[in-house]
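Undergrad: Prediction below, plus the sequence it came from.
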Amino acid sequence: MAAIQNQAARLPYAKATPLQGGPASRLNLLPADLVIKVAYSAINPVDCGSELSALGSLYSRQDVAGAIVELGSNVSTLKIGQRVIRRYHGLLSGKAPNSGFHLYSSCLENLFTTIPGSLPFSHAVVLPLSISTAAIALYVQPQLPLPPPSPRAPGLLP
């Protein structure tokens, strides 16, 4: 595949408004990474009052939904064209291409989950935060004696 010309939205300086679009970091695809073309990016509530107002660029908690356009050499469970969602990773990795405010976003294969074709990207993009919030509420905070969810492959949704 030809080199992807990425674009991103960012704050030009701390506490600036509005976001400005422009060229973004070049994607360096690692063997376990994949690249998606971002269809939707969801801003998590914690970002609204803190990081978005203080950062010069956006490494915050955006969850994304989109279609796979490129695979690393070691990616084995997903394929180009599949529709996927991903929980935020930009803040954890500290790498701009992992942020959701990019036209193309890259990340490790195991952080993506496939979604069915019947689920619009606009609805799917809110699932990562919804699912993780429910999991924390059920398993971490009250420490209910529930059995942990069992993993299924590939992806969590049918």
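TA: Yes, it's here.
Undergrad: residue contacts, residue 71?
TA: Contact analysis of residue 71 by CB atoms under 8 Å, 6 or more residues apart in numbering lists 34-35, 78-80. Glycine gets a C-beta too; all of them are placed from N, C-alpha and C.
Undergrad: which two from the residues you listed end up farthest apart in space?
TA: In the contacts of residue 71, two members sit farther apart than any others by CB to CB. They are 35 and 79, at 12.8 Å.
Undergrad: More neighbours: the two, which one.
TA: In terms of neighbours (other CB atoms under 10 Å), residue 35 is the more surrounded of residue 35 and residue 79; the figures are 23 against 12.
Undergrad: so the more buried one sits right up against residue 6, yeah?
TA: No. Residue 35 lies out of contact with residue 6 (CB atoms under 8 Å); the separation is 9.2 Å.
Undergrad: Find residues that contact each of those two.
TA: The overlap between the contact sets of residue 35 and residue 6 (CB under 8 Å, 6+ apart) consists of 27, 104.
Undergrad: Next, count neighbours for residue 6.
TA: By the criterion of other CB under 10 Å, residue 6 has 18 neighbours.
Undergrad: repeat for residue 130
TA: For residue 130, the count of nearby residues is 11 (other CB under 10 Å).
Undergrad: swap in the one 3 residues further on?
TA: Taking other CB under 10 Å as the criterion, the count of residues near residue 133 is 12.
Undergrad: quick check, it in a strand?
TA: No. Assignment of residue 133 by DSSP: H, G, I helix; E, B strand; the rest coil gives helix, placing it outside any strand.
Undergrad: Contacts only, for it.
TA: The contact partners of residue 133, by CB under 8 Å, 6+ apart, come to none.
Undergrad: what touches both of residue 35 and residue 79?
TA: Residues touching both residue 35 and residue 79 by CB under 8 Å, 6+ apart: 68, 71.
Undergrad: So residue 34: helix, strand or coil?
TA: Three-state call for residue 34 (three-state DSSP): strand.
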